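Engineer: here are the coordinates; sequence isn't available:
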């Protein structure tokens, strides 16, 4: 067994063990019908019915070898209730940062890590030139050169070709255009033009006085609706959560961005309570993919990815508990960074007590991801004691030695898993990038095997489901959240239905599934976390980064019925989440970087999973991939600014 632990399964058959050297990849497809319209409503009603609902959930779990199988499993490992990481070797070619350093100081150091800036191409209007997004440094250069300003200045700046761009007014006009779409597809669900103008004017004044706070001063940044950003409410994509969750101050990550001078433009649309992966939201309207408006953005950080892909913001914040930053970034053709668990302070988020979620940046470029990461990093005091995080570091991309160090990187690729995609265009595009990295930088890719991937999926859904439900239970069960007036019914079923009417159908199905998990299921899931951590630590002794596609499919088509009733489509969920869960259950850092498009012009993302606390390695490699794929960018159909 090479020292590996054993997994005993008692299901009427002989006991069997798992060996990393002999395990075979099996495609375990979720068996569940696609439901929308009347059948979805009927299923929700049955799923919420006492006894009947429990029987349905148990049946579905058994049919799919789900958490119900935990009851017949003995795992020798002790439970790991929070990701725990062994000490890591230091990364080469990095800048170290102080954990308690000021965010503006972190951003200044990040700026020193970047290659020399060339402003020559930001004003190119040649339609034949390759498309590129404006980066944070583009805006900063334009502000400092008085070519434009965050808002109307108190005196006229010299202008370029007699054109003066007022970024705030351009942004406000674009948001109004977006909000007038038919069907409704808002990027922001809490937004105040006057608040945007106020922040932009304050930034403009700082530029006039020469007292700007950082490279992020005047940069327009959007915030996912589950992150507190005063004075906006935190609704979590619902119509009611703000009624029981009063926002009195900024989340820690938002406070750090304010210290850097960022203009926080509002709260982005999202899948309700983050409990979905497509971004569909019947409460406010579903955000559309800027590359194909008839397709989903992915979720749950749907609005954050779309607003960056639309060109309205260079950066946005999302949260990632099950790929919710990386998936929409991949489907929308932008960059999404999931940091190591504990690297950023979660205080001020709707669900901030869980063990699988982080707050992370979605950006137009890897360079911008580095700047945003530098601004928001910093563990909470409690996690600093328990997790003992490694020193925050940034890749030094300003030196040739840093790029030369790419040749020492070794990638791990589980080929059968890597190729388990809905279209070979996805795996072939990612494979092509690996080949180019090998040819250009000398990077080496070796074959790895990751056992028990299906078990990892089950352990993740039990973990995130149990943790979310534990925070929602006081409101879900008592009913005072869901009703503006107390409702009295004799029949328990009628009362339960009335309590749930302010949640969307797919959220109600998820909550019904979460209620079927037991305490023993949760403990077994944490034993599996320990076991899976062991497997991955062994893999990371041989490789620096695990490479996969980000998603097993490109952006799925939006069903018209789903916009008003909702839908449950487990094959799509499985395809979108297939590669992302190790980052969440085990807490590893991961990044999605765009690598091209399929034949329909839909973006394809590649995922890099790194060792714990080693964000610098994946950021350095992501920058190399971005450079390798330079010139492939396509302007989105819905590009709303400049």
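Structural biologist: Sure thing, it's come through. A quick note: this is a predicted structure, and the numbers were derived from the prediction, not measured.

Engineer: for the chain, what are the low-confidence residue spans?
Structural biologist: 1-21, 120-127, 153-164, 476-501, 642 (pLDDT under 70).

Engineer: In space, not sequence, find me the middle residue of it.
Structural biologist: residue 325 (1.0 Å; Cα atoms, centre = their mean).

Engineer: Now do the same contact list for it.
Structural biologist: 301, 304, 318, 319, 336, 337, 338, 360, 361, 362, 592 (Cβ atoms under 8 Å, 6 or more residues apart in numbering). Heads up, the C-betas are built off the backbone N, CA and C, glycines and all.

Engineer: give me every residue that touches the last one.
Structural biologist: Just to be clear, that refers to residue 592. Taking Cβ under 8 Å, 6+ apart as the test, what residue 592 contacts is 325, 326, 327, 329, 330, 335, 336, 550, 605, 606, 607.

Engineer: For it, what are phi and psi?
Structural biologist: phi -110, psi 130 (degrees, to the nearest 10).

Engineer: what about it, distance to residue 328?
Structural biologist: 9 Å (Cβ to Cβ, to the nearest Å).

Engineer: what sits in contact with each of these two?
Structural biologist: residue 336.

Engineer: May I see the buried residues of the helix ranked longest in the chain?
Structural biologist: Taking DSSP state H as the criterion, the chain has its longest helix at helix 453-476. Under the neighbour-count criterion of 16 or more other Cβ atoms under 10 Å, helix 453-476 has 453-469, 472, 475-476 buried.

Engineer: Next: stretch 630-642.
Structural biologist: In stretch 630-642, counting by 16+ other Cβ under 10 Å, buried: 633, 634, 636, 638, 639, 640, 641, 642.

Engineer: which pair in the contacts of residue 592 spans the largest distance?
Structural biologist: 325 and 606 (14.8 Å; Cβ to Cβ).

Engineer: residues in contact with residue 564?
Structural biologist: residue 282.

Engineer: ditto for residue 262
Structural biologist: 216, 217, 219, 220, 221, 375.

Engineer: rerun that using 6 Å as the cut-off
Structural biologist: 216, 219, 221 (Cβ atoms under 6 Å, 6 or more residues apart in numbering).

Engineer: do the same with residue 319
Structural biologist: 224, 226, 357, 359.

Engineer: Assign it to helix, strand or coil.
Structural biologist: strand (DSSP: H, G, I helix; E, B strand; the rest coil).

Engineer: do you know how far it is from residue 68?
Structural biologist: 29 Å.

Engineer: ok, and what's touching stretch 417-428?
Structural biologist: 25, 548, 549, 552, 553, 575, 598, 604.

Engineer: quick check, distance from it to the centre of its chain.
Structural biologist: 21 Å (Cα atoms, centre = their mean, to the nearest Å).

Engineer: same check, this time on stretch 236-247
Structural biologist: For stretch 236-247, the distance to the chain centre is 21 Å (Cα atoms, centre = their mean).

Engineer: Any buried residues in that stretch, and which?
Structural biologist: Neighbour-count burial for stretch 236-247 [16+ other Cβ under 10 Å]: 236, 237, 238, 240, 241, 242, 245, 247.

Engineer: same question, stretch 215-232
Structural biologist: 215-230, 232.

Engineer: Residue 553 is in contact with residue 574, isn't it?
Structural biologist: No: if you go by Cβ atoms under 6 Å, residue 553 and residue 574 don't touch, sitting 9.5 Å apart.

Engineer: quick one, helices of the stretch 351-500 of the chain?
Structural biologist: 366-376, 381-387, 400-404, 415-418, 424-441, 453-476, 492-500 (DSSP state H, counting those that start in this stretch).

Engineer: for the stretch 201-350 of the chain, same thing?
Structural biologist: Counting by DSSP H, counting those that start in this stretch, the helices of the stretch 201-350 of the chain are 252-259, 302-309, 326-332.

Engineer: Show me what the shortest one is packed against.
Structural biologist: Secondary-structure packing of helix 326-332 (3 or more Cβ pairs under 6 Å, 6 or more residues apart in numbering; DSSP states H and E): helix 302-309, strand 335-338, strand 590-597.

Engineer: Pick the most deeply packed of these.
Structural biologist: Mean neighbour count (mean count of other Cβ atoms under 10 Å) peaks for helix 302-309 among the helices and strands packed on helix 326-332, with a mean of 34.

Engineer: and the angle for that one with strand 590-597?
Structural biologist: 50 degrees (axes from the mean of the first three to the mean of the last three Cα atoms, to 10 degrees).

Engineer: So the nearest residue to residue 537 once chain neighbours are set aside versus residue 383, what's the distance?
Structural biologist: Leaving aside its sequence neighbours, residue 537 sits nearest to residue 86 (Cβ to Cβ, 6 or more residues apart in numbering; 6.1 Å). Remark: distance between residue 86 and residue 383 (Cβ to Cβ) = 17 Å.

Engineer: From the chain's centroid, how far away is stretch 515-523?
Structural biologist: So, by Cα atoms, centre = their mean, the centroid of stretch 515-523 is 26 Å from its chain's centroid.

Engineer: got it, and stretch 460-480?
Structural biologist: Using Cα atoms, centre = their mean, the offset of stretch 460-480 from its chain centre is 21 Å.

Engineer: contact partners of it?
Structural biologist: 67, 321-322, 351, 354, 356, 481, 499, 514, 517, 521-522, 525, 581, 585.

Engineer: returning to what we had before: now distance to residue 202 too, for the contacts of residue 325, in JSON lines please.
Structural biologist: Shown next, in JSON lines, are those (distance: Cβ to Cβ, whole Å):
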{"residue": "301", "distance to residue 202": "27"}
{"residue": "304", "distance to residue 202": "23"}
{"residue": "318", "distance to residue 202": "25"}
{"residue": "319", "distance to residue 202": "27"}
{"residue": "336", "distance to residue 202": "29"}
{"residue": "337", "distance to residue 202": "28"}
{"residue": "338", "distance to residue 202": "32"}
{"residue": "360", "distance to residue 202": "27"}
{"residue": "361", "distance to residue 202": "23"}
{"residue": "362", "distance to residue 202": "25"}
{"residue": "592", "distance to residue 202": "33"}
